[in-house]
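Participant: Have a look; sequence and predicted model below, questions after that.
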Amino acid sequence: MTEQLLGFAENSTPLPYDAFGAHIVALTVAHWRVSCLTARRLGAGRLALVALAIPPDGQTPRIFEAALPVGCNSYMSLTHDIPSVHWYERFIYDLFGLIPEGHPRFKSVIFHEKWPDGYFPLTAAEDALPHGDFRPGDFGFLPVHGEGVFEIPVGPIHAGIIEPGHFRFSCFGEVIQNLDIRLGYLHRGIERRLEGCRPAKARLLAEAASTDTSAGNALAHAIAVEDLLQTAPSPMGSTLRTIAVEIERIACHVGDMGGICADIGFVGGSAMFARLRGRVLGMAERLSGSRFLTAYIVPGGVPRPLRDGVRRQLISEAAAVARTFAQIKPVLLDNYGALERMEGIGRLPPSRAHDLGILGPAGRASGVRYDVRERLHLQPYRDCGWSPVYLDEGDVYARVRVRAMEVDESLALVQRLLADNLDTGASAAPSQMPLPANRVGVGIVESWRGELVHLIFTGPTGEITRYSIKDPSVNNWSGLANAMRGEQVSDFPVCNKSFSLSYSGNDL
């Protein structure tokens with residue numbers, strides 16, 4: 001059967017089913033990065049495994065696909081050779097019913113006991129496969145035995161305004177022996193809803209996948225659409241989109257530093273960072289009209305140019321925020337009481353962070369030398385004096401320091417970009433522009449949490465047949481669970497905030 005009849009994307013690389021795993025493992029040995037592993041329907045009862053891999057030299061990322069035999073409901077797990085894909089393989093089962101044979105700890109990510117038998121959201125009824133005796137709700141908390149060992153269940157409903165998630169602590173005294181994290185309470189069927197969606201509506205839905213990363217998701221979507229259309233934004237549009245994403249990064253990092261203060265009972269520090277975050281959100285509103293940068297980044301650029309008066313205001317405000325941040329960050333980073341709660345706490349060693357594929361500030365604080373902006377040689381970062389921040393200690397203090405240094409880098413970058421001549425005009429592709437048939441578009445962004453991926457597959461008439469989103473939280477939840485082993489129960493809040501992961505980004 002030809003590749004075209006199978007329904008592979010014209011710009012993907014097809015692989016034989018029995019060679020798929022070995023080929024992907026060989027790529028990782030050659031220092032490629034597997035940024036996403038998922039599946040999709042090919043029609044006629046056939047499913048395909050899909051891998052997005054990034055070369056080590058900054059060249060174009062590649063999509064690899066392999067069609068499973070008709071009626072096949074399983075494949076050999078890659079987790080033993082590539083530990084970072086263990087969460088992806090669980091998602092593939094939950095969404096498509098494909099069982100990763102030999103997975104070291106196979107269980108659901110998003111399904112719960114009340115989900116109907118045989119229901120897999122991204123598998124059409126005509127493509128339904130037998131799935132054996134495994135039930136989606138069989139979460140399987142890891143049992144910890146021994147005299148004096150007990151469990152502390154926390155959530156899924158938490159105090160304050162926080163998304164739902166369940167944490168099961170197995171403890172000996174006050175020391176955590178194991179932490180199991182159960183998510184899925186916010187599964188909204190985002191990827192399913194994006195299938196067959198009109199481009200104009202898809203943009204808004206993709207942007208809302210995780211609303212504290214609206215600019216990052218909007219940019220990843222825009223890049224994926226532009227990849228499909230083989231177009232590029234204007235220079236001004238590209239610059240303004242970069243400024244928007246960096247303002248989002250600054251706001252979230254500053255807000256989380258305030259959250260760290262709150263979790264250690266440092267009310268004064270929490271108030272200072274919260275006030276500064278409000279000023280950064282004000283910058284976002286001046287730039288885009290929205291404090292959370294919604295409906296601003298679109299395929300082709302941005303909807304409107306930046307007026308010179310607004311540009312001057314943003315330059316002045318960015319400089320003021322930088323001065324204020326320089327004054328208040330020692331309140332947290334050089335405070336002996338705060339240091340006692342951060343140094344050596346929740347340490348994730350570099351070797352484990354590499355194995356688990358930890359991303360973003362959490363990864364860069366544990367010796368993972370990976371930043372999309374650097375790896376893909378993205379503009380305007382490459383020519384603006386920007387540089388990534390890396391540390392090796394891997395504890396809460398290192399993760400907070402990485403955030404603080406990234407705030408400094410982003411503020412300096414925003415000021416340099418705003419100081420440039422931004423009079424070349426904004427542009428935006430018409431939302432009615434049809435997408436090309438039988439192709440895949442790839443959007444990869446270094447969001448404030450880390451590598452964010454959007455994949456858009458189109459069908460014979462240009463309709464969206466598969467839309468896959470990989471939030472960096474998918475990689476990093478395992479890092480949080482590992483970092484808590486051997487720590488005190490009372491240190492969980494500050495460690496959790498130092499990772500600052502998204503429940504909704506995981507539960508798409």
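Facilitator: Yep, that arrived. Residues are numbered from 1 along each chain as shown.
Participant: Give the burial count for A66, as a bare number.
Facilitator: 24 (other CB atoms under 10 Å). Any C-beta I mention is one placed from the backbone N, CA and C, and that applies to glycine too.
Participant: cool, and P16?
Facilitator: The burial count for P16: 10, using other CB under 10 Å.
Participant: Which stretches in this protein count as strands?
Facilitator: 13-14, 33-43, 46-54, 62-67, 74-76, 99-101, 149-154, 166-172, 175-182, 440-447, 450-458, 464-470 (DSSP state E).
Participant: Now render these as CSV, adding mean pLDDT and distance to M433.
Facilitator: Shown next, in CSV, are these (pLDDT from 0 to 100; distance: least, CB to CB, whole Å):
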stretch, mean pLDDT, distance to M433
strand 13-14, 93, 27
strand 33-43, 93, 23
strand 46-54, 95, 24
strand 62-67, 96, 22
strand 74-76, 93, 36
strand 99-101, 92, 38
strand 149-154, 92, 48
strand 166-172, 94, 43
strand 175-182, 94, 41
strand 440-447, 97, 13
strand 450-458, 97, 13
strand 464-470, 96, 14
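Participant: would you list those in CSV and tack on distance to N496?
Facilitator: Output for the strands of the chain, formatted as CSV (distance: least, CB to CB, whole Å):
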stretch, distance to N496
strand 13-14, 39
strand 33-43, 25
strand 46-54, 28
strand 62-67, 34
strand 74-76, 34
strand 99-101, 28
strand 149-154, 10
strand 166-172, 8
strand 175-182, 10
strand 440-447, 19
strand 450-458, 16
strand 464-470, 21
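Participant: does I444 have beta-bridge partners, and which?
Facilitator: I444 has these beta-bridge partners by DSSP bridges: V453.
Participant: who's in contact with it?
Facilitator: 35, 54, 61, 220, 223, 372, 376, 451-453 (CB atoms under 8 Å, 6 or more residues apart in numbering).
Participant: With distance to W477 as added columns, please give these in TSV.
Facilitator: Shown next, in TSV, are these (distance: CB to CB, whole Å):
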residue	distance to W477
S35	17
I54	21
P61	24
A220	20
I223	25
V372	20
L376	25
E451	15
L452	15
V453	16
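Participant: Can you find the helix or strand of the chain with the lowest average pLDDT?
Facilitator: helix 3-6 (a mean of 47; mean pLDDT, DSSP states H and E).
Participant: burial measure for the residue nearest to A419 when sequence neighbours are not counted, as a count.
Facilitator: Closest residue to A419 apart from its sequence neighbours, by CB to CB, 6 or more residues apart in numbering: I315 at 6.4 Å. Number of residues near I315 (other CB under 10 Å) recorded here: 16.
Participant: do the one 5 residues further on as well
Facilitator: Other residues near A320 come to 13 when the count uses other CB under 10 Å.
Participant: Pull the contacting residues for it.
Facilitator: Here A320 is in contact with R279 (CB under 8 Å, 6+ apart).
Participant: 7 Å instead?
Facilitator: A320 makes no contacts at all, as judged by CB atoms under 7 Å, 6 or more residues apart in numbering.
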